[in-house]
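Q: 3D model of this:
(one chain, ligands or ions: 2)
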Amino acid sequence: MGRYNSVAIALHWLVAIAIIGLLAVGKWMTSLPEADPLRFTATQWHKSFGILVLGLSVIRLLWKFGHRSPPLPDHMKAWERFAAASMHLLLYLLMFLLPLTGWLMVSASPLNLNTVLFGVVPLPHIPVEGYAISKENLAELFLDAHHLLSSVLLAMVIFHVLAALRHQFMLGDNILSRMVIGEQHRHSKDLNHGTIAGSLLAGFGLLALVTLTGQRDIPAQAGEGDVASAASLQVGFIATQLGEPLNGSFDQAQVDVKLDDADPSQSSLRATVETASASTADSQVTTTLPTADWFASEQFPTAEFVSRSIRALSAGKYQVVGEMRIKGVAAEVAFEMAVEDKVASGSFEIDRSVYGIGSADQDEYVGKMVVLSFTFPVQ
Ligand code: HEM
Ligand code: HEM
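A: Residues are numbered from 1 along each chain as shown. Ligands and ions are numbered 1, 2, ... in the order given. Sure thing, here's the model as predicted:
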């Protein structure tokens, strides 16, 4: 009896392991409380592996078109052949429909979060706007479909496994063996297939490695470390995501400062940051920040602080009052600034909702108060 080739076998088992993991993780993560940071992290991994399944399924289908599957055993009746073919067709269909409904669900989500696969590759949103049905209702619809289809897939997989075991052990026709790389196969001539299958496995391992090591790109954190030695300009922020602090910084910033202790009315401070240069330890958040819900960087490329008064409190300490303009909204802020060894530093809190940063849907996940911090050299 014929066998599946190594590529078909490798793809079958990679996808099988990933799908079983996704079904288990999917059920588990959705049982956690919404505000649990673990649920958030698990969902990121779930999305990454889900899209990986989609990619592997595309390769698998293309491979299948180019290669004949081994013929079924002669003893199988017409209805059994039909049942097997229908089951496999349905499994193939679900291998596409689950990732697609998941992808559509996150594309339509009112949270508008960008997805960064394995913390490295940004996943574009499927365009879901402009239809008669609202985004919120679409998100709900795809969530229901994803949920329903995952239960259908689970049932199909159980049935599929039972059928494979029945063939192998009750009917004795070695159906399972032909989906496993065995002795007979290693002696066969298609070394090429073996090499490709090996490469696929190695690629999978490599991807896991990249995920573990490259997941987080830690940006420079302003307001950290020895302030006196930090001679360069740094503007940082600390937001809270699901109750956990998330550090970020603006990589492009400019400060104009003049301090005149003899005549405070001559003192001034003007700071500008490029909103699109904001980066955080979480690449998903970083790619989301310039979007319309957050900084709307295309429309508002800069955010600015301009002082109105700077008053000396004591030696090296100043009270700064001025106007902060973000996303076209201006509001008064006041903070203390320390100057030591020709380096100014300080930090203060702002309420992001005052400036229309983040939508109400996101308030559950992201704290309203954000700490801004700065250090810069003073002549
Ligand atoms: C073969 C691939 C996939 C399988 C088998 C799978 C399976 C599941 C399962 C079993 C759940 C729990 C459903 C429930 O009981 O409510 C779930 C939830 C979820 N899946 Fe997937 N999934 C897959 C791919 C994807 C992809 C590609 C994405 C997005 C890009 C995604 C996004 C989600 C999200 C966001 C949830 C959570 C929904 C919520 O919080 O209620 N899934 N998935
Ligand atoms: C999520 C899990 C799984 C999915 C989505 C899946 C899907 C599929 C599909 C679509 C095929 C048809 C291959 C083709 O002819 O193109 C297939 C074949 C096969 N699967 Fe799975 N499978 C899964 C898990 C398993 C498991 C756990 C077993 C082991 C018991 C298994 C055993 C087999 C066998 C033996 C065949 C070959 C059938 C034949 O020779 O015609 N599968 N699988």
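Q: Where does the nearest residue to P33 once chain neighbours are set aside fall, secondary structure wise?
A: Distance criterion CB to CB, 6 or more residues apart in numbering; nearest residue to P33, sequence neighbours excluded, is R39 at 7.0 Å. (Glycine included, C-beta is placed from N, CA and C.) Using DSSP states H and E, R39 maps to helix 37-66.
Q: what do you get for N247?
A: Applying DSSP H and E, one finds N247 within strand 244-250.
Q: on contacts alone, who are the packing partners of that strand?
A: Applying 3 or more CB pairs under 8 Å, 6 or more residues apart in numbering; DSSP states H and E, we find strand 244-250 packed against strand 234-241, strand 278-280, helix 283-288.
Q: Quick one: mean pLDDT over stretch 269-283.
A: Averaging pLDDT along stretch 269-283 gives 89.
Q: Now do the buried residues in that stretch.
A: Applying a neighbour-count criterion of 16 or more other CB atoms under 10 Å, one finds 269, 271-283 buried in stretch 269-283.
Q: how far does the helix holding R39 sit from the chain's center?
A: Here the centre of helix 37-66 is set off from its chain's centre by 13 Å, with CA atoms, centre = their mean, to the nearest Å.
Q: Next: stretch 71-91.
A: In terms of CA atoms, centre = their mean, the centre of stretch 71-91 is found 40 Å from the chain centre.
Q: And for stretch 131-141?
A: 22 Å.
Q: Mind exporting the C-alpha coordinates of that stretch to CSV?
A: What follows is stretch 131-141 as a C-alpha-only set of coordinates in CSV (Å, rounded to 0.1, in the frame of the first residue of the first chain):
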residue,chain,number,x,y,z
TYR,A,131,-20.7,47.4,5.4
ALA,A,132,-24.3,47.7,6.4
ILE,A,133,-23.5,45.9,9.7
SER,A,134,-21.5,47.7,12.4
LYS,A,135,-18.0,46.7,13.4
GLU,A,136,-19.1,45.7,16.9
ASN,A,137,-21.8,43.4,15.5
LEU,A,138,-19.4,41.9,13.1
ALA,A,139,-16.9,41.3,15.9
GLU,A,140,-19.6,39.5,17.8
LEU,A,141,-20.6,37.5,14.8
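Q: what number of residues lie near the one residue in the stretch 51-200 of the chain that gets nearest to ligand 1?
A: Nearest residue of the stretch 51-200 of the chain to ligand 1, counting by CB to the nearest ligand atom: G102, 2.3 Å away. Per other CB atoms under 10 Å, the neighbour tally for G102 reads 26.
Q: buried stuff in the helix or strand where it lies?
A: Secondary structure assigned from DSSP H and E places G102 in helix 78-108. Neighbour counts over helix 78-108 (16+ other CB under 10 Å) mark 84, 90-91, 94-95, 97-108 as buried.
Q: what does stretch 140-155 give?
A: Buried residues in stretch 140-155 (16+ other CB under 10 Å): F142, L143, A145, H146, L149, S150, L153, L154.
Q: Which positions in the stretch 151-300 of the chain make contact with ligand 2?
A: Taking CB under 6 Å from any ligand atom, the part of the stretch 151-300 of the chain that reaches ligand 2 is made up of V157, H160, V161, A164, L165, I175, L176, R178, M179.
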